[in-house]
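**Student:** Fold the stuff below for me.
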Amino acid sequence: MFSTNTYQNRRQKLLQQFDSGLLLFLGNEYVGKNYAANTYNFRQDSSFLYYFGLNQAGLIGLIDAEEGKSYLFGNDLTMDDIVWTGNQPSIAELGTKIGVDKTASLKELDGLLEKAVRKEINIHYLPPYRLRNTQKLSKWLNLPMEMVKEQSSIALIKAVVAQRSIKSEEEITEMEKALTVSRIIHHRMMKHTRAGILEAELASIAQGIAMAGEGDLAYPPIVTVNGQTLHNHHHHHVLQEGQMILADVGAEVKSIYASDITRTFPVSKTFTSKQREIYQIVLDAEERAIEACRAGIPYRDVHFLASKVIVEGLKEVGLMKGDAEEAVAKGAHTLFFMHGLGHMIGLDVHDMEDLGEDYVGYSESIVRSKDFGTAYLRLGRELEEGFVITVEPGIYFIPELIKRWKAESKYESFINYEKLEDYLNFGGIRIEDNVLITESGRRILGERIAKSVEEVEALRQS
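**Tutor:** Predicted structure coming up:
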């Protein structure tokens, strides 16, 4: 947790956007895997955590915009609870920690919201993503469950996005703690990799190190020899000489702030010449993109810059041809680079995605493309000082996609399908760092994680 003042100031800043109504923040509860007592690891709602700071189940926060007061609702533990969990702070004690004006039971919240609905007081809430919270809102607001999400408050969404998008110094400190853990994870995996082991052994290294740092992984690890599959969470393959590991693994620290790092490295001690060529193109695209990041620049433009660097590199190795700018404008590059360059990161690895990706990543002047590949760009809007973003270009050889486009003679003036036959089993390469937009430009957060060919091969041989 941060200081009491941090949460009071955050709520006060939010209040400045509202003259009336109630702002409702639902915390999360434990969710059963296969029966109620066998639960998934608890994960608090990030917006509740941002404004109310308490990482435990069964709590709800409320801000009365007209009175300018904040409330914490929850139930104190019974003796039966204490037998299983040990004694915990009371709701009143928790409320003191975060500086709310009043604490009360969940039953009192029921009555308060019933009264507000009767008086037609506007109740602002964020779109729920868990069934139980949808059920609660449906009951409180007398709404059919299918209407709950669509009735969420756009005004509250926009206010929360604007506030959470700008990271404070204390938030940056937490994110760099997460990156310290991620650096240990990636360097340990690079050193440990060898032919004959399972991908699962590397994934378990990542999980163990994250837990040893009093945190967890921010998302299910991607540790795979099939890097051409963008979100590949299967870890059952035995590593073989000549393959590459794509490891997309980021730690989440005790404060719940996330990191998101991808590195690609050979199972052998060195890259093959073909792997080195493609790897260097991706690295060039990442470094050029990072250099281009600064406040006022649309991230969509940085995405297209990285795409152009990729096309120019693929032309040099004979896989693409023609004018690079024209190839990108027409979308030919998306055969190889079909996802977005990056996204916001903070309390969520895809920060605030639950509030609606377009509210977070786009603006009234910059709207999402509907074109293949570019439509997957989560962040297109102008960058601002205080944003923390991922920069993660990649090159992927997806046999099914290549064969379909070839059969359709798609972009034949830009793509050398004949030479591509030699790359059908290549896999994929992605390189990713987390970048803070500063007053003077940008800064890669955390201590450097090996990514040059020489650095990666040195770790593979250590």
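**Student:** so which strand or helix has residue 163?
**Tutor:** Element membership for residue 163 (DSSP states H and E) is helix 154-165.
**Student:** Going by neighbour count, which residues of that helix are buried?
**Tutor:** 156, 157, 159, 160, 161, 163, 164, 165 (16 or more other Cβ atoms under 10 Å). From N, CA and C alone the C-beta is placed, and that goes for glycine too.
**Student:** Including pLDDT, could these go into JSON lines?
**Tutor:** Listed next are those as JSON lines, based on pLDDT from 0 to 100:
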{"residue": "156", "pLDDT": "98"}
{"residue": "157", "pLDDT": "98"}
{"residue": "159", "pLDDT": "98"}
{"residue": "160", "pLDDT": "98"}
{"residue": "161", "pLDDT": "98"}
{"residue": "163", "pLDDT": "98"}
{"residue": "164", "pLDDT": "98"}
{"residue": "165", "pLDDT": "98"}
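**Student:** what sits against the residue lying closest to residue 456 once chain neighbours are set aside?
**Tutor:** Closest residue in space to residue 456, ignoring its immediate chain neighbours: residue 265 at 4.9 Å, by Cβ to Cβ, 6 or more residues apart in numbering. Shown in contact with residue 265 (Cβ atoms under 8 Å, 6 or more residues apart in numbering): 190, 193, 244, 245, 247, 456, 459, 460.
**Student:** Residue 265 belongs to a strand?
**Tutor:** Yes: according to DSSP: H, G, I helix; E, B strand; the rest coil, residue 265 belongs to a strand.
**Student:** related to what we said a few turns ago, nearest to residue 219, of the buried residues of helix 154-165?
**Tutor:** Relative to residue 219, the closest of the buried residues of helix 154-165 is residue 164; by Cβ to Cβ it sits at 18.3 Å.
**Student:** Using CSV, write down the CA coordinates of the helix or strand of the chain with the lowest mean pLDDT.
**Tutor:** Counting by mean pLDDT, DSSP states H and E, the chain has its least confident helix or strand at helix 79-85, which shows a mean of 85. Provided in CSV are the C-alpha atoms of helix 79-85 (Å, rounded to 0.1, in the frame of the first residue of the first chain):
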residue,chain,number,x,y,z
MET,A,79,-15.2,-16.3,14.8
ASP,A,80,-15.8,-19.1,12.2
ASP,A,81,-13.9,-17.0,9.7
ILE,A,82,-11.0,-16.3,12.1
VAL,A,83,-10.5,-20.0,12.7
TRP,A,84,-9.6,-20.4,9.1
THR,A,85,-7.9,-17.1,8.2
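**Student:** tell me what it is packed against?
**Tutor:** Using 3 or more Cβ pairs under 8 Å, 6 or more residues apart in numbering; DSSP states H and E, no helix or strand is in contact with helix 79-85.
**Student:** picking that back up, so how far is residue 97 from the residue nearest to residue 456?
**Tutor:** 44 Å (Cβ to Cβ, to the nearest Å).
**Student:** now swap in residue 65 and tell me
**Tutor:** For residue 65 relative to residue 97 (Cβ to Cβ), the value is 23 Å.
**Student:** Same drill for these two, tell me which one is more crowded.
**Tutor:** Each of residue 65 and residue 97 has its neighbours counted (other Cβ atoms under 10 Å); residue 65 has more, 19 against 16.
**Student:** pretty sure residue 449 is touching residue 182, no?
**Tutor:** Yes: the criterion here is Cβ atoms under 8 Å, and residue 449 meets it with residue 182 at 7.1 Å.
**Student:** which parts of the top helix by length along the chain are buried?
**Tutor:** When the chain is parsed with DSSP state H, its longest helix is helix 169-192. By neighbour count on 16+ other Cβ under 10 Å, the buried set for helix 169-192 is 171-172, 174-190.
**Student:** Just want the angle from it to helix 154-165.
**Tutor:** 70 degrees (axes from the mean of the first three to the mean of the last three Cα atoms, to 10 degrees).
**Student:** now for helix 169-192, which elements pack on it?
**Tutor:** helix 199-212, strand 244-248, strand 251-252, strand 262-266, strand 433-437, helix 453-461.
**Student:** Out of the ones you listed, which is the most enclosed?
**Tutor:** Counting by mean count of other Cβ atoms under 10 Å, strand 251-252 has the highest mean neighbour count of the helices and strands packed on helix 169-192, with a mean of 28.
**Student:** Tell me, how many residues neighbour residue 274?
**Tutor:** Neighbours around residue 274, by other Cβ under 10 Å: 12.
**Student:** And what about it, helix, strand or coil?
**Tutor:** helix.
**Student:** secondary structure class for the nearest residue to it once chain neighbours are set aside?
**Tutor:** Using Cβ to Cβ, 6+ apart and skipping residues adjacent in sequence, the residue nearest residue 274 is residue 426, 7.3 Å away. Following three-state DSSP, residue 426 is assigned to coil.
**Student:** Return the residues in contact with residue 426.
**Tutor:** 228, 274, 275, 278, 397.
**Student:** Would you check how far apart the second one and residue 376 are?
**Tutor:** When distance is defined by Cβ to Cβ, residue 274 is 27 Å away from residue 376.
**Student:** what ranges of the protein fall below the confidence cut-off?
**Tutor:** Residues of the chain meeting the criterion pLDDT under 70: none.
**Student:** Run the chain-centre distance for the host helix or strand of residue 277.
**Tutor:** For residue 277, the host element (DSSP H and E) is helix 273-292. From the chain centre to the centre of helix 273-292 is a distance of 22 Å (Cα atoms, centre = their mean, to the nearest Å).
**Student:** Give the next helix or strand downstream of it.
**Tutor:** Next along from helix 273-292, by DSSP H and E: helix 299-316.
**Student:** report the angle between the axes of that next one and strand 433-437?
**Tutor:** 140 degrees.
**Student:** how about the CA coordinates for stretch 285-303, as PDB?
**Tutor:** Extracted C-alpha coordinates of stretch 285-303, given in PDB (Å, rounded to 0.1, in the frame of the first residue of the first chain):
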ATOM      1  CA  ALA A 285      12.400  -2.100 -35.200                       C
ATOM      2  CA  GLU A 286      12.100  -2.100 -31.400                       C
ATOM      3  CA  GLU A 287      15.000   0.300 -30.900                       C
ATOM      4  CA  ARG A 288      13.800   2.700 -33.700                       C
ATOM      5  CA  ALA A 289      10.300   2.600 -32.200                       C
ATOM      6  CA  ILE A 290      11.600   3.400 -28.700                       C
ATOM      7  CA  GLU A 291      13.600   6.300 -30.000                       C
ATOM      8  CA  ALA A 292      10.500   7.700 -31.700                       C
ATOM      9  CA  CYS A 293       8.400   7.700 -28.600                       C
ATOM     10  CA  ARG A 294       7.700  11.100 -27.000                       C
ATOM     11  CA  ALA A 295       4.800  13.200 -25.800                       C
ATOM     12  CA  GLY A 296       2.500  14.400 -28.600                       C
ATOM     13  CA  ILE A 297       3.400  11.700 -31.100                       C
ATOM     14  CA  PRO A 298       0.500   9.300 -32.000                       C
ATOM     15  CA  TYR A 299       1.500   5.800 -31.000                       C
ATOM     16  CA  ARG A 300      -0.100   4.600 -34.200                       C
ATOM     17  CA  ASP A 301       2.600   6.500 -36.100                       C
ATOM     18  CA  VAL A 302       5.300   4.700 -34.100                       C
ATOM     19  CA  HIS A 303       3.600   1.400 -34.900                       C
END
